[in-house]
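A.B. asks: got a predicted structure plus its sequence, pasted below:
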Amino acid sequence: MSDKGAVRRQIEKNGLLLIAVVMVLIYWVLDSLTSDQILSRTLIVIFVITYGIFTQSLINSRKEALAEKERTQERLIQTESIAAIGQLVAGIAHELNNPIASTSSLIQTNIEILNEKKVKADGDNELINDLEFSLKELKRAENIVKSVLGLSRQTQVYVEDVDINANIEDALRVLHNQYKDTGVIIERDFDENLPRVNGNFANLGQVFMNIIKNAIQALPGGKGTISLKTSYKRDTNTVTVECRDTGTGIPDDVLKDIFKPFFTTKVVGSGSGLGLYISHEIIKKHEGLISVSSKTGHGTTFTIDLPVKQGAS
């Protein structure tokens, strides 16, 4: 078996040379059997053409085999990486759920105590509002962890009645500390009569947070404008969200890869390369579309189209 394998490897390694040798031998035999020069020259032409065809076919097949091997390796690495991330997320989720649950319970208890007070002190109502918002955000954190797990398991169901305008406002509120003391200007142009969509509120909130956060980070020196617009397209029955920034823009050679998993242009430790990939998967699960247009030095625009739920108008 080993001898046969060695011979096979030698044939594969020296295939072009062997073909050439066989061609020469065949020509030499035929040439010795005839004295007709025209016939000999014709045979030479035929053999050269045949050799060229065999040679090119062998080269093409080897190139295709190598290309397929590289594609298979890339898919394998990607699959293994995503599987590893899934295991890591499962472990993190287990560790996060306990403190989230205990903190939520404590906040709920304090809200109830404050509401039961017969005489409220100055600031109690404001404190209650802050605690209720904190409780809401803890619930969002819990849902985001579940949604990431759901993405890896492909079992998420999207049935909530989502107000996109409110969803974006919540994302801005969570990100407020990242831009409140900078030169970032947030412009809102929301359609007040925007119909609702069927989906997962936490997942869509995660998408808007990713997109807006990327826009903030793209602004040179932390200064610039981020324009957020929502609208309804009656002809396609879709809600459209646009996030446009006045940042540095994205080069064409980078733009084609930004939705790929683990792709990032950020320095090591400042980005996982999963934000836009997860956003793309979430929008796809909502049967929507996410696209991007950009010009270096002139900013970037992300556009998200989401189908309106049946019966909405």
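C.D. replies: Structure's in. What do you need?
A.B. asks: spatially nearest residue to the residue sitting nearest the centre point of the chain (excluding sequence neighbours)?
C.D. replies: Nearest residue to the geometric centre of the chain (CA atoms, centre = their mean): residue 277, 1.6 Å. Of all residues not flanking residue 277 in the chain, residue 261 sits nearest, at 4.3 Å (CB to CB, 6 or more residues apart in numbering). Bear in mind the C-beta positions are built from the backbone N, C-alpha and C, glycine included.
A.B. asks: again, but for residue 293
C.D. replies: residue 301 (5.2 Å).
A.B. asks: residues near the one you found, how many?
C.D. replies: 17 (other CB atoms under 10 Å).
A.B. asks: show me the shaky parts of the stretch 51-200 of the chain.
C.D. replies: 51, 74-91, 94, 144-158 (pLDDT under 70).
A.B. asks: for it, which segments count as helices?
C.D. replies: With helices called from DSSP state H, counting those that start in this stretch, the stretch 51-200 of the chain shows them at 124-153, 164-179.
A.B. asks: columns mean neighbour count and distance to residue 255 on top of these, output as JSON lines?
C.D. replies: Shown next, in JSON lines, are the helices of the stretch 51-200 of the chain (neighbours: other CB atoms under 10 Å; distance: least, CB to CB, whole Å):
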{"stretch": "helix 124-153", "mean neighbour count": "16", "distance to residue 255": "23"}
{"stretch": "helix 164-179", "mean neighbour count": "17", "distance to residue 255": "23"}
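A.B. asks: the ones you listed: which one's closest to residue 190?
C.D. replies: Nearest to residue 190, of all these, is helix 164-179, at 4.7 Å by CB to CB.
A.B. asks: show residues contacting the closest one.
C.D. replies: By CB atoms under 8 Å, 6 or more residues apart in numbering, the list of residues contacting helix 164-179 from outside reads 137, 140, 186, 190-192, 194, 196-197, 201, 204-205, 208-209, 212-213, 216, 222, 228, 230, 239, 241, 306.
A.B. asks: and it, C-alpha only, in CSV?
C.D. replies: Extracted as CSV, the C-alpha positions of helix 164-179 are listed here (Å, rounded to 0.1, in the frame of the first residue of the first chain):
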residue,chain,number,x,y,z
ILE,A,164,-39.1,51.1,16.2
ASN,A,165,-38.9,54.8,17.3
ALA,A,166,-39.1,53.8,21.0
ASN,A,167,-36.5,51.1,20.3
ILE,A,168,-34.0,53.6,18.9
GLU,A,169,-34.7,56.0,21.7
ASP,A,170,-33.9,53.3,24.3
ALA,A,171,-30.7,52.5,22.4
LEU,A,172,-29.7,56.1,22.5
ARG,A,173,-30.5,56.3,26.2
VAL,A,174,-28.2,53.3,27.0
LEU,A,175,-25.4,54.9,24.9
HIS,A,176,-25.9,58.4,26.2
ASN,A,177,-22.9,58.2,28.5
GLN,A,178,-20.6,57.4,25.6
TYR,A,179,-21.4,60.7,23.8
